[in-house]
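Student: Could you work out the structure for the sequence below:
(2 chains)
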Number of protein chains: 2
Amino acid sequence: MQERAKATRRSLLEAAAQLFAEQGYSATSVNDISARSGRTSGAVYFHYTCKEGIAVAVVEDRFATWSQLTTPYEDETVPPLERLVALSYDIAHALTQDTVTRAGARLWAERTTIKATLPDPFALWTAAATRLLAQARLAGHLNEHIRPARTARALVRAFFGLCILTEALDGTTVLDDRLTDWWHLTLPSLRREAARENLPASR
Amino acid sequence: MQERAKATRRSLLEAAAQLFAEQGYSATSVNDISARSGRTSGAVYFHYTCKEGIAVAVVEDRFATWSQLTTPYEDETVPPLERLVALSYDIAHALTQDTVTRAGARLWAERTTIKATLPDPFALWTAAATRLLAQARLAGHLNEHIRPARTARALVRAFFGLCILTEALDGTTVLDDRLTDWWHLTLPSLRREAARENLPASR
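Tutor: Here you go, the predicted structure:
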């Protein structure tokens, strides 16, 4: 794709994400996206075919792939459980602060009203958490009763529920504190006895 | 209220709950509720004034109050942490099997599209969990690092997130297993060291 076409596509995606995050999918029209982006409706249809197409693109861009969050997760000099915890804070921050991620989460919550199949973000997150737990086991850091795949499923679902409910009920400013409370409840069970002394300090 | 009026009111509430649980708030009309209940639209407006009124009544009836779930929670012969765990399974079952509870949860998720203030179920649940944790502390069963109010908030949010995401992603049949996985991750941190040996068996 030419640079100019890429820039147009990106500006449409960012404008749509702002609107989806602010007012939801059904209240947002292609005309709204055109007005917010300063591009024509024709540009929207050229790049994304329909409103459903742009919703799928928004979810894929960040929420379902964490395209910008892989760095701390890849660094093998950091112990795997520390990477898991660090990644959770990065995801929580993206969910509260990054418009495209926020829009993706809102669209996923509204998925029954969207006539398109949105990518499932949780399969990818669960696979990443499973891998980190398996690495922790290899490194001898994991409680021997923990089965990585089952535990990753429970962790991802509880973590994401904690984030969206905390934001809905208590606002975004307390999310770091709540996440720290939750890790203090959860991390001791993940760790091998000998490794349990070093709970992370509150962040 | 006369018995007959009470029966009418109840049948309207049950019919509305079925429809809200199946197809959501915005897709359900007062005419649909009338047709499902076999009563007139006039009866709906007489008993509930408007569609918003019946939504509030559905949320209040079960989801926000747990009116039928207080029994295991009140029994003081059972240790408080066991009551907390038992209550969580009862709530999970209601969320998957009881139509009025399911409707309440769906309406709460759709609250931004409803022009009425729905009762907040989480304040009541968090207060109940706080009380059970405080009772566990008095009984000497609670890890001394646990602060009941903060911990109750994190528990309720993670628990409810686990339930709704598990249902959305994996279906209701696995919810008991996922909840057991989650308690195995969480309960050891709640318990005093000496009391940690007796994890509950899978249910």
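
Student: make it CA atoms for all contacts and neighbour counts henceforth
Tutor: Will do.

Student: quick one: contacts for the residue in chain A that chain B sits nearest to?
Tutor: Closest residue of chain A to chain B, CA to the nearest CA: residue A:161 (3.4 Å). Residues in contact with residue A:161 (CA atoms under 8 Å, 6 or more residues apart in numbering or on different chains) are B:157-162, B:164-165.

Student: Could you rerun that using 6 Å?
Tutor: Neighbouring residues of residue A:161 by CA atoms under 6 Å, 6 or more residues apart in numbering or on different chains: B:158, B:161.

Student: what's the nearest residue to residue A:96 if we skip its chain neighbours?
Tutor: residue A:172 (6.1 Å; CA to CA, 6 or more residues apart in numbering or on different chains).

Student: quick one: pLDDT of the one you found?
Tutor: Reading off the confidence values, residue A:172 has pLDDT 87.

Student: Count the residues that sit near it.
Tutor: Residues within reach of residue A:172, counting by other CA atoms under 10 Å in any protein chain shown, total 17.

Student: That one and residue A:87: what is the separation?
Tutor: According to CA to CA, to the nearest Å, residue A:172 stands 17 Å off from residue A:87.

Student: try residue A:41
Tutor: Counting by CA to CA - residue A:41 and residue A:87 are separated by 38 Å.

Student: now residue A:53
Tutor: Applying CA to CA to residue A:53 and residue A:87 gives a distance of 29 Å.

Student: How about residue A:141?
Tutor: On the measure of CA to CA, residue A:141 and residue A:87 end up 18 Å apart.

Student: Which one of those two is surrounded by more residues?
Tutor: residue A:141 (21 against 18).

Student: List the contacts of the more buried one.
Tutor: Residues near residue A:141 by CA under 6 Å, 6+ apart: A:191-192.

Student: Quick check: buried residues in the lengthiest helix in chain A?
Tutor: The longest helix of chain A (DSSP state H) is helix A:148-170. For helix A:148-170, burial by neighbour count (16 or more other CA atoms under 10 Å in any protein chain shown) applies to A:148-149, A:151-167.

Student: ok now that helix, how far from the chain's centre?
Tutor: The chain centroid and the centroid of helix A:148-170 are separated by 11 Å, computed with CA atoms, centre = their mean, to the nearest Å.

Student: cool, stretch A:138-152 as well?
Tutor: For stretch A:138-152, the distance to the chain centre is 23 Å (CA atoms, centre = their mean).

Student: For the lowest-mean-pLDDT helix or strand in chain A, buried residues please.
Tutor: Sorting the helices and strands of chain A by mean pLDDT, DSSP states H and E puts helix A:71-74 at the bottom, at a mean of 74. Using 16+ other CA under 10 Å as the burial criterion, the residues of helix A:71-74 that qualify are residue A:73.

Student: Tell me the first helix or strand C-terminal of it.
Tutor: Downstream of helix A:71-74, the first helix or strand assigned by DSSP states H and E is helix A:80-97.

Student: Which positions in chain A make contact with chain B?
Tutor: Residues of chain A lying near chain B by CA under 6 Å from any CA of the partner chain: A:154, A:157-158, A:161-162, A:165, A:182, A:185-186, A:189.

Student: low-scoring stretches of chain A, by residue?
Tutor: A:1, A:67-70, A:194-203 (pLDDT under 70).

Student: can you list the domain ranges for it.
Tutor: With domains defined by automatic domain parsing, chain A comprises A:3-58, A:71-195.

Student: distance between the shortest one and the chain's centre?
Tutor: In terms of CA atoms, centre = their mean, the centre of domain A:3-58 is found 20 Å from the chain centre.

Student: do the longest one as well
Tutor: On the basis of CA atoms, centre = their mean, the separation between the geometric centre of domain A:71-195 and that of its chain is 9 Å.

Student: Just want the most central residue of chain A.
Tutor: Centroid-nearest residue in chain A: residue A:63, 4.4 Å away (criterion: CA atoms, centre = their mean).

Student: contacting residues for that residue?
Tutor: Residue A:63 neighbours (CA under 6 Å, 6+ apart): A:101, A:104.

Student: again, only using 7 Å
Tutor: Residues counted as contacts of residue A:63 (CA atoms under 7 Å, 6 or more residues apart in numbering or on different chains) are A:101, A:104-105, A:121.

Student: try residue A:56
Tutor: By CA under 7 Å, 6+ apart, the contact list for residue A:56 reads residue A:118.
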